[in-house]
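Trainee: what would the 3D arrangement of this be:
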Amino acid sequence: MVWSSKSNVHQTLLPRNHDNCLIGNYSDLSHDENLHQSSQQQKQQQGKVIKGSTGDQSKEFNKMYLFFTLLAFPVIYVVCVFTQPIISSPPPFLYQDINTIISFGDSYTTRYLDMDSLTYACRNCTSAGGPNWVIYLTDSTQWISWDFAYNSAPVNNSIVDQVPTVIDVSTQVRELYQQIFVSPTKRISAIVDSVYNKRGIQHTHQTTLVTIWVGINDIDLTFNWNQTNALDLLIMQRYEMLIYELIEKGERNFMLINVPPIHRAPMWHQTENEKLIKTRVIEYNKKMQNMVKHLKQFYASAATAITFIEYDAWKYFDNLLDNPKDFGMTDINSFCPDWSHPIENHCKPIREYFWLNDLHPTFHVHDLLSQDIKRVLQYYA
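Mentor: Numbers count the residues shown, from 1 in each chain. This next block holds a predicted model:
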């Protein structure tokens, strides 16, 4: 359920008969006022019957009644509040309870999930020349991975003129995810159940971490367009809508990853478009940060906790590229032109390269990345 109003959320945190704890019933004020006016008219017709000391006694009685009413109000209110059932605040993100990771994104994340068998092509069938960050993370955590990411995916194909054969993140969320977790066939449901039964664990939304890493292709396809500011705002609107839809389906824990410094990749580094790409990524990431801020504010008072963890891939990649020797790398600007013939091409060992090709980092970088992501998740919890 998406909370449509913060007032509704606040109301659920109050005692159920909170209104009954108030002195008097404020909804009857208009009725009491009519009775008071009628009484005044009768008094005027009958003449003044209350005079002298009788009037003074009435005033003194009213003052005493008001005094004791005000004195009793705090006591009555405290009794009313503390005799109600205790409604606890939403539980925080609990890293130790996570047993499932659901991933959306592009080639930096994809493992090429076969939607019929729910299996992956192979361990090294990634854009990294080996395991990617999702595989390394699940190796170290023993989480079950459902990876819907697809090569070349933007947030939405139609916005950035991506070819329709690419499974964009919108389709990953609205079709692939739903085929497994919303309206699965009996066969798919049986496969999913068997995966968890073998581990002896239970899959719930509270034990699931949803990750989304997207934006590289949105920028790659549109970096030289006019009005990219308005374009990015539209992309973020679609991005945010997908998160709302996942929350509607019950998801509670999100890690959203920004765009790394792709201007430093061989595709863009030392080209005429390097500065343009850098500026574009910075602006995109700012808008993404604002989107996450808006999501946090919107769900801040939700009865069920919604967690949004931002992972700064820009900052981490920059650190690796600025200090490559600290991480066992000697080449951050080039790549082996043909990994099937490394000797003939005088290539260094793959672990010494940052880039596997002109845009994708090696599995060594993915390994380092997974370790830092795990650190951030543990720190957040």
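
Trainee: hey, where'd the helices end up in the stretch 251-381 of the chain?
Mentor: Along the stretch 251-381 of the chain, counting by DSSP state H, counting those that start in this stretch, helices occupy 274-298, 313-322, 363-380.

Trainee: would you reformat these as TSV and include mean neighbour count?
Mentor: Using the backbone N, CA and C atoms, a C-beta is placed for each residue, glycine as well. Shown next, in TSV, are the helices of the stretch 251-381 of the chain (neighbours: other C-beta atoms under 10 Å):
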stretch	mean neighbour count
helix 274-298	16
helix 313-322	17
helix 363-380	18
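
Trainee: can I get those helices in JSON lines with distance to residue 224 and mean pLDDT?
Mentor: Converted to JSON lines, the helices of the stretch 251-381 of the chain look like this (distance: least, C-beta to C-beta, whole Å; pLDDT from 0 to 100):
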{"stretch": "helix 274-298", "distance to residue 224": "7", "mean pLDDT": "97"}
{"stretch": "helix 313-322", "distance to residue 224": "21", "mean pLDDT": "99"}
{"stretch": "helix 363-380", "distance to residue 224": "27", "mean pLDDT": "98"}
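
Trainee: and these as JSON lines, adding distance to residue 339?
Mentor: Formatted as JSON lines, the helices of the stretch 251-381 of the chain follow (distance: least, C-beta to C-beta, whole Å):
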{"stretch": "helix 274-298", "distance to residue 339": "25"}
{"stretch": "helix 313-322", "distance to residue 339": "20"}
{"stretch": "helix 363-380", "distance to residue 339": "12"}
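
Trainee: and of those helices, who's closest to residue 148?
Mentor: Smallest distance to residue 148 across the helices of the stretch 251-381 of the chain (C-beta to C-beta): 18.0 Å, for helix 363-380.

Trainee: now do the contacts for residue 207.
Mentor: By C-beta atoms under 8 Å, 6 or more residues apart in numbering, the contact set of residue 207 is 97-100, 201.

Trainee: for it, which non-adjacent residue is spatially closest?
Mentor: Using C-beta to C-beta, 6 or more residues apart in numbering and skipping residues adjacent in sequence, the residue nearest residue 207 is residue 99, 4.8 Å away.

Trainee: how about the contacts made by that neighbour?
Mentor: Applying C-beta under 8 Å, 6+ apart, we find residue 99 in contact with 142-144, 199, 201, 203, 207-208.

Trainee: looking at the residues you listed, which are in helices?
Mentor: In helices, defined here by DSSP state H, the members of the contacts of residue 99 are residue 199.

Trainee: with respect to residue 314, which of the contacts of residue 99 is nearest?
Mentor: Closest to residue 314, out of all of the contacts of residue 99 and judged by C-beta to C-beta, is residue 143, at 25.0 Å.

Trainee: was I right about the closest one contacting residue 101?
Mentor: Yes. Counting by C-beta atoms under 8 Å, residue 101 is a contact partner of residue 143 at 4.9 Å.

Trainee: overlap of the contact sets of those two?
Mentor: Going by C-beta under 8 Å, 6+ apart, residues that sit against residue 143 and also against residue 101 are 137, 209.

Trainee: re earlier: what distance do you get for the residue nearest to residue 207 to residue 371?
Mentor: Distance, residue 99 to residue 371, by C-beta to C-beta, to the nearest Å: 20 Å.
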